[in-house]
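[1] quick one, fold the following:
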Amino acid sequence: MDKKPFVERMLEVENLTDELEDREAKRLLHWGIGKLDGVLQNASDADDAGARVNRLMAVMRKINRIAGGCAAKNADDLAGDLQALETLCGEAFDSPAAFTEADGAKKAEKIAAEIAGKAPGEAVELLIELCDLKLSGNS
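    Coordinates of the predicted model:
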């Protein structure tokens, strides 16, 4: 499956990075584009590929929103955002949920406490790391 149209789509969609400064936006786009091969790997057709990329872009949008607003949010609000991000990652990367386990809320709260008050650049890195851990099955 040719990923070029999906790369172009990611670069054109403003709401993937609209709450970030250029450096953080480029980092998030670079990460998302780097995930395309894996996301498209098992696509059965163009419609399936589009749906898979849409799920990846939903993850990117959520990272954008969390990182862009983390300095102003409290840890409780961030914990809810992290649970939503974890669900989106599970859907995008076909991985099981981690925050729905018995200790899931505690995991989300711990990560939220780390992210609360961070600058967007730091938050982007932490959120990307969280998604990469989810992808590797080490969440």
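
[2] quick one, what contacts the spatially most central residue of the chain?
    Closest to where the C-alpha atoms of the chain average out (Cα atoms, centre = their mean) is residue 59, at 3.4 Å. Going by Cβ atoms under 8 Å, 6 or more residues apart in numbering, residue 59 touches 32, 85, 88, 89, 92, 131. Placement of C-beta: from N, CA and C, glycine included.

[3] how much space between residue 60 and residue 30?
    Residue 60 sits 11 Å away from residue 30, taking Cβ to Cβ, to the nearest Å as the criterion.

[4] just give the number of residues close to residue 91.
    16 (other Cβ atoms under 10 Å).

[5] what's the following helix or strand after the helix or strand hosting it?
    Per DSSP states H and E, residue 91 falls inside helix 75-93. Next helix or strand after helix 75-93 toward the C-terminus (DSSP H and E): helix 104-115.

[6] list the buried residues of that next one.
    Residues of helix 104-115 classed as buried: 104, 107, 108, 109, 111, 112, 115 (neighbour count, 16 or more other Cβ atoms under 10 Å).

[7] do stretch 6-21 as well
    Buried residues in stretch 6-21, counted by 16+ other Cβ under 10 Å: 6, 10, 16, 17, 19, 20.

[8] report the two of these separated the most.
    Farthest pair in those (Cβ to Cβ) is 6 and 19. Separation: 21.9 Å.

[9] wait, residue 24 sits on residue 124?
    Yes - the pair residue 24 / residue 124 is scored as a contact, 4.8 Å apart, by Cβ atoms under 8 Å.

[10] which residues do those two both contact?
    Common neighbours of residue 24 and residue 124, counting by Cβ under 8 Å, 6+ apart, are residue 67.
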